[in-house]
Every structure is written in C-alpha cells, then in structure tokens.
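Novice: Just to be clear, the model below is a prediction. Sequence and coordinates:
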Amino acid sequence: MKYALIGCGRISPNHIAAAKANNLEFVGICDINPENMHDKILKFELDPIHTYTDYKHMLEAEKPELVAVCTESGKHAQIALDCIDAGCNVIIEKPIALSLKDADEIIRRAKENGVKVCANHQNRFNKSIQKIRDAVDKGRFGRMFYGTAHIRWCRDWNYYSRADWRGTWEQDGGALMNQCIHNTDLLRWMMGDEIDTVMGMTDKLNHDYIEAEDLGIALIKFKNGSYGILEGTTDIYPKNLEETLYLFGEKGTVKAGGTSVNRIEEWRFSDQLDDSEEVIAQFNENPPNVYGFGHTPLYKDVIDAIKNDREPYVTAEDGRRALELVLAVYKSAAEGQPVKLPLKDCSTMDFVGRFGERKVMR
C-alpha cells in the first residue's frame, strides 16, 4: 500500500515508525522545511524517497493510497480535504480540524469519495484503555456514575518558541485542544458519547506569549445521566506529572494513569471475574514519551479497514466528537454559562482576543 507523510514535525517520528512497522510502501514525504524532511530520512533510513515541499504536487505525482496529515492543527482540514479529493485514505493527527464546519466537510466528502478517514486518537489502542473499554462494553460497571480526565503537563517557553503557531487560535488553540484532546476523547467515549450540557472555565495563567488557554476545567452532563469532569493544563512545574482517567460505576471503579494513561492503577469490580493485582501488573506499559505505543496498532487497523472496506476503529466522527467537546468548553467559558450539545458550528477563531494580546517571544 503506497503511503505518504505530510508534515515532519514533533509527532512525525511516531507515524514513520508505525508506517514502517506495518510494511507500508513509503512513496513520498512532504514538508515546507526541507531540513525537517532530511532529518527524518536520515534517522529512519528512508532514502531513496521522493521529497516535496508542495503536498499537492506529491499527491499528483505519487498517487498514495494512504496519507498521514501531521502539520500544524489549523492546516489539517484543508490538507485532508485535498487528499480526500485526490482519492486518498487519510489519517489526520489530532485535532481533526479547528472548526465543526471543517470536520463536517471532511466527513461528508470522505463518504462522497468512498475513502476512509481516521482521527489519530492513538491512546484508544493503549492496552490499558482496550482492557477498560472491554469492561465498559460488557457492562461490568453497571450504571456509570461519573468519570474524570486529568491532564497535568508542562509546556514551557522552549516548547512554544520552537513553532510560532503553537498556542494561537488560528492554528492551534490552547491546552485543551492540543495537549488534552486525547484524554477528552477517552472520557467522552467511555461515558457514552452523547452529551447534554457542558459548563466550562478557561484561563491563561502562566503563558503570556500564547493567545489561548493554559488551563481548562469543565463539568459535563451526559445524556445517559452520568457526569464527567475534565481538567487540563500545561502549567505543571517543572515537568509532566500525569494523565489519568477515572471511571466510577455502580459495580466498578477503574483508574488508568501514567504520563499517557498507559497503566491501570486501580481495578475493582463486584463480579470478581479477574484478579485486580494481576490486571494492574499486566497492563502496565511505560512508554518513552506522552505519545505512547498506539500509533502502530492504529495504522494496522486503518490498513485493514481500507483492505476490507470497513470503518476504522477511530473514525472521523469520533474526531469530531472530541473537537466538539473542547469547543463547547471554550464556548461555555467565553459566555459564562452552560452550553447545550450538539453544537451546530463553532471554531477556535470564535475566541480570538479572549485573553488579550500575547507578548512577543524573545
């Protein structure tokens, strides 16, 4: 299967490694900065490979079957749409888009062109998360009461200064949209997906050189009567602390933790179908960074979905749901009142100027 990569930034090594592990035929790589491309080509021994600074030229020349879009977030939608129109299946790095209008157009046009689109929420493939999801699907929790997602990370000046698009409303959004959207996706997925009301608060406490928030907190009421609590920040000193997911039900309590919810730390069920200590010992991965090990199985699933003409495990609609929840928090915080879902349309650009002007980085 012919594969191409668009964007060679911070997350691209995970995509390249996943593509190689799944034996994809690497036909092209694209970035507006040639140095970024050559760095990855050397590191992953991709030579010989065709390089491009214009992804449209690459799509026309190489005609890849599968493309990964790994650029800054604000460019995801247009690039994905161009790939879809070229007949390519697409893996889109999170978030799938920065507006619901763009996300809806990706979904519509993918169906129109008969291609598969996967939102790159790779943490769904964590062994710990798969184990928890199996318990949810089997009803082991009984009635779900509430769940909480906490993302307590550090992103400092060095991080933001490496790319001027980070923390901007036009190309990124803030902590909730960038760093926290994976766990936001997991919380919504585990608690039943359908949301009634969101009440959020956001602020910029420690990063005067970005436009968007570095702290977001939200209360969520799901349509099935359960509740969610979302907390995300990039203000933790002096390094990443944790990413945790708690689920509390009538007959079960679970906690996934570590830096990227790769470890089961609590496992208690009234049915006693498995030994808690054994589960905790078995589902205890220690990835080298917050991106975890999920890209390779995500790629494997997308390849199989293309070959067997089925939907990927993580769909474009799933990506839209995660995006919608973050935008609902932004909207509630800006308006100072609860927001009902579904949202008809909303974009990060609706919140330009929310925290005033950002200071110039020096």
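Specialist: Sure, I can see it. A quick note: this is a predicted structure, and the numbers were derived from the prediction, not measured.

Novice: residues in contact with stretch 49-59?
Specialist: Outside stretch 49-59, the residues that touch it by Cβ atoms under 8 Å, 6 or more residues apart in numbering are 4, 6, 26-32, 34, 37-38, 41, 61-62, 64, 67, 79, 82-83, 86, 88. C-betas here are computed from N, CA, C, even on glycine.

Novice: if we go to 7 Å?
Specialist: 4, 6, 26-32, 34, 37, 41, 62, 79, 82-83, 86, 88 (Cβ atoms under 7 Å, 6 or more residues apart in numbering).

Novice: Identify the residues contacting residue 116.
Specialist: Taking Cβ under 7 Å, 6+ apart, one finds 89, 302, 305-306, 312 in contact with residue 116.

Novice: would you turn the residues you listed into CSV with distance to residue 117?
Specialist: Listed next are the contacts of residue 116 as CSV, based on distance: Cβ to Cβ, whole Å:
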residue, distance to residue 117
89, 7
302, 9
305, 10
306, 11
312, 8
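
Novice: Packing partners of the longest helix anywhere in the chain?
Specialist: Ordering each helix of the chain by length in residues (DSSP state H) puts helix 316-335 first. Packed against helix 316-335, as judged by 3 or more Cβ pairs under 7 Å, 6 or more residues apart in numbering; DSSP states H and E, are the following elements: helix 100-113, strand 117-120, helix 181-191, strand 195-203, strand 339-340.

Novice: Tell me which of those lies nearest to residue 239.
Specialist: With Cβ to Cβ, the closest approach to residue 239 among the helices and strands packed on helix 316-335 belongs to helix 181-191: 17.9 Å.

Novice: Can I get that closest one in CSV, CA atoms only?
Specialist: Output of helix 181-191 as CSV, limited to C-alpha atoms (Å, rounded to 0.1, in the frame of the first residue of the first chain):
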residue,chain,number,x,y,z
ILE,A,181,-7.8,16.3,23.4
HIS,A,182,-6.7,12.6,23.6
ASN,A,183,-8.0,12.2,27.2
THR,A,184,-11.0,14.3,26.3
ASP,A,185,-11.8,11.8,23.6
LEU,A,186,-11.4,8.9,26.0
LEU,A,187,-13.7,10.4,28.6
ARG,A,188,-16.5,11.0,26.1
TRP,A,189,-16.0,7.6,24.5
MET,A,190,-16.1,5.7,27.8
MET,A,191,-19.1,7.6,29.3
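
Novice: Give me the residues contacting that helix.
Specialist: Against helix 181-191 from outside (Cβ under 7 Å, 6+ apart): 94-95, 121, 123, 129, 132, 136, 144, 147, 149, 151, 176, 195, 222, 226, 228, 230, 243, 245, 247, 261, 318, 321-322, 325-326.

Novice: Spell out, range by range, the helices that occur in the stretch 101-250 of the chain.
Specialist: 127-137, 157-161, 181-191 (DSSP state H, counting those that start in this stretch).

Novice: Can you say which of the ones you listed is packed in most?
Specialist: Mean neighbour count (mean count of other Cβ atoms under 10 Å) peaks for helix 181-191 among the helices of the stretch 101-250 of the chain, with a mean of 25.

Novice: just how off-centre is that helix within its chain?
Specialist: Relative to the centre of its chain, helix 181-191 is centred 10 Å away, using Cα atoms, centre = their mean, to the nearest Å.

Novice: Just the angle for it relative to strand 195-203, thanks.
Specialist: 150 degrees (axes from the mean of the first three to the mean of the last three Cα atoms, to 10 degrees).

Novice: between helix 181-191 and helix 127-137, how big is the angle?
Specialist: Using the same axes, to 10 degrees, helix 181-191 lies at 20 degrees relative to helix 127-137.
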